[in-house]
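Trainee: Here's my sequence, what's the structure:
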Amino acid sequence: MKPKNKRWSGQPKAYNNQNFLNSPDARTIRILSEFLEPRKRFREERISDTIVFFGSARVKPPEISKKNLRSIQQLIKKNGGSSRSLKEKLKSAETDVEMSKYYADAVKLTYLITKWSESFDKKRHLVICSGGGPGIMEAANKGAQMAGGKSVGLNVSLPMEQYPNRYISKNLAFEFHYFFMRKFWFVYLAKAMIMFPGGFGTFDELFEVLTLLQTKKVTKPLPVVLYGEKYWKRIVNFDEMVRLGTISRKDLKSFRFFDTPEDTFSYLRSRLSGAFK
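Mentor: Model (predicted):
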């Protein structure tokens, strides 16, 4: 139906012009949208305090990794030996089983945190937040769901690996284009950050947070846990960084190492109880 105003050009208004909104000229509008739209949803869902979990998207659940290992072992047995290809697959499957314990630990830890949070008398709760994808992120959301609590997934559009997992709470699955806006929402609501073993993405998030703490850009109390001391110390030689003067000894106080869900939960509860009594 044509408008009565004969001077109407037939062109859409700027805020309905998809060609404009997807153009470089409208980039600031898209960036602002990734701030305002999540803020609206967080307010509607009464999400103000999160415990953020980072870690590899490639870590598999124990039952899946063990099943894959058995399949390869049976194949090798059936063939009466193993080719180079099967040996590589066997080694990879054994590594997957080794790493899968972190998936199980993440589920247990988020379960403990969520159960504790649900016992608070106030309406304010600690809500588990992950990157929304598979692996450790999925495990974090899964543990929260098992405990009957909400959880957040801050997903980001990537060409591989990253897809929203099925354990994120309804209305709390977000899809970001800009990494830096996603990182803003990780840090802004966080009351603690738990870093499980991971790759480039996990290291990116870890060192950005440590930099923000080191430079006092984040001034609120923010416990940072490096889960899996053996992994982190094997991959990053923090003591050597101190020796060479690239960081100071006091920078090592920005984080703590833990190896069990129970010890991690005890530490978080001691650090955060005062704010939620």
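
Trainee: pretty sure residue 264 contacts residue 195?
Mentor: No. If you go by CB atoms under 8 Å, residue 264 and residue 195 don't touch, sitting 11.1 Å apart. C-beta: built from backbone N, CA, C; applies to glycine.

Trainee: Find residues that contact each of those two.
Mentor: 225, 227 (CB atoms under 8 Å, 6 or more residues apart in numbering).

Trainee: Where does the prediction get shaky in the stretch 1-150 of the chain?
Mentor: Along the stretch 1-150 of the chain, segments meeting pLDDT under 70 span 1-9, 81-82.

Trainee: What are the boundaries of the helices in it?
Mentor: 18-21, 27-44, 62-79, 84-118, 136-146 (DSSP state H, counting those that start in this stretch).

Trainee: Repeat that for the stretch 151-277 of the chain.
Mentor: 179-188, 200-214, 229-235, 238-243, 261-272.

Trainee: Out of the ones you listed, which is closest to residue 140?
Mentor: helix 261-272 (11.7 Å; CB to CB).

Trainee: returning to that earlier point: figure out which of the helices of the stretch 151-277 of the chain is closest to residue 133.
Mentor: Closest approach to residue 133 among the helices of the stretch 151-277 of the chain (CB to CB): helix 200-214, 9.3 Å.

Trainee: what's the angle from the closest one to helix 136-146?
Mentor: Angle of helix 200-214 versus helix 136-146, following axes from the mean of the first three to the mean of the last three CA atoms, to 10 degrees, is 80 degrees.

Trainee: which other helices and strands contact helix 200-214?
Mentor: On a contact count with 3 or more CB pairs under 8 Å, 6 or more residues apart in numbering; DSSP states H and E, helix 200-214 meets strand 50-54, helix 179-188, strand 190-195, strand 224-227.

Trainee: Could I have the CA atoms of that helix written out in PDB?
Mentor: Provided in PDB are the C-alpha atoms of helix 200-214 (Å, rounded to 0.1, in the frame of the first residue of the first chain):
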ATOM      1  CA  PHE A 200      44.900 -19.600  21.200                       C
ATOM      2  CA  GLY A 201      41.400 -18.400  22.100                       C
ATOM      3  CA  THR A 202      41.800 -19.300  25.800                       C
ATOM      4  CA  PHE A 203      45.200 -17.700  25.900                       C
ATOM      5  CA  ASP A 204      43.900 -14.500  24.300                       C
ATOM      6  CA  GLU A 205      41.200 -14.200  26.900                       C
ATOM      7  CA  LEU A 206      43.500 -15.100  29.800                       C
ATOM      8  CA  PHE A 207      46.200 -12.600  29.000                       C
ATOM      9  CA  GLU A 208      43.800  -9.900  28.200                       C
ATOM     10  CA  VAL A 209      42.200 -10.300  31.600                       C
ATOM     11  CA  LEU A 210      45.600 -10.400  33.300                       C
ATOM     12  CA  THR A 211      46.700  -7.300  31.400                       C
ATOM     13  CA  LEU A 212      43.500  -5.500  32.600                       C
ATOM     14  CA  LEU A 213      44.200  -6.400  36.200                       C
ATOM     15  CA  GLN A 214      47.900  -5.600  35.900                       C
END
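
Trainee: Residues in contact with it: which ones?
Mentor: For helix 200-214, using CB under 8 Å, 6+ apart, the contacting residues are 54-57, 131, 183, 186-187, 193, 195-196, 217-218, 222, 224, 226, 247, 251, 254-255.

Trainee: rewinding a little: as TSV, the helices and strands packed on helix 200-214 with mean neighbour count and distance to residue 37 would be great.
Mentor: Shown next, in TSV, are the helices and strands packed on helix 200-214 (neighbours: other CB atoms under 10 Å; distance: least, CB to CB, whole Å):
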stretch	mean neighbour count	distance to residue 37
strand 50-54	26	17
helix 179-188	18	10
strand 190-195	22	19
strand 224-227	21	28
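
Trainee: Now distance to residue 203 too, for the ones you listed, in TSV please.
Mentor: Converted to TSV, those look like this (distance: least, CB to CB, whole Å):
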stretch	distance to residue 203
strand 50-54	9
helix 179-188	13
strand 190-195	9
strand 224-227	11
